[in-house]
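Peer 1: what's the 3D shape of this:
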Amino acid sequence: MIDTRLAPYGAFALRVALGIMFIAHAYLKIAVFTVPGFAGFLTQVGYPAFLAWPIILAELIGGLAILLGFYGRAVSAALLPVLLGALLVHAPNGWVFNAPNGGWEYPAFLALAALAHVLIGDGALAVKPGTFGLGSATPLRPNAG
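Peer 2: All right, here's what the predicted structure looks like:
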């Protein structure tokens, strides 16, 4: 059963964590790996180098939008390909993310968290919640029977 009083705050917590994660990963690519370093990594794993800036900007701007709840559901859906691309890159490295070159469990978890955000909604304190074409949200009602 879903606690209808607290569910919006659970969705809010998921949204904040996901937004901060995307922002942190964009920052990591700029400040630690550097953009040329990330572009080189992309070519090393079989992706074109020109995707470096679009990925970084998608993570940064998308992370801010998710964090603020500005059409967050649609942004999480739009960022799923980035997460699935990361999952494909890390899949050959094994399960645990502290494996050499990182494992696949963390990108898989983030992809599922983004999918959960799409399905659940933006939750409390969203600047501009969007329905993402899924219809309007209806209040949950306890089972009467």
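Peer 1: Can you get me a residue count around the nearest residue to A78 once chain neighbours are set aside?
Peer 2: Nearest in space to A78, with sequence neighbours left out and distances taken as Cβ to Cβ, 6 or more residues apart in numbering, is G62 at 6.8 Å. For every residue, glycine as well, the C-beta is placed using N, CA and C. Counted with other Cβ atoms under 10 Å, residues neighbouring G62 total 23.
Peer 1: Then G62 would be within a helix, right?
Peer 2: Yes. According to DSSP: H, G, I helix; E, B strand; the rest coil, G62 belongs to a helix.
Peer 1: mind checking pLDDT for G37?
Peer 2: Looking at G37, its pLDDT is 98.
Peer 1: how close does it sit to M21?
Peer 2: Distance, G37 to M21, by Cβ to Cβ, to the nearest Å: 20 Å.
Peer 1: Mind checking which of those two has more residues around it?
Peer 2: Here G37 and M21 are compared on neighbour count by other Cβ under 10 Å; more neighbours surround M21, at 19 against 13.
Peer 1: Point to the residue nearest the middle of the chain.
Peer 2: In the chain, the centroid-proximal residue (Cα atoms, centre = their mean) is A114; its distance is 4.6 Å.
Peer 1: Thanks a lot, see you next time.
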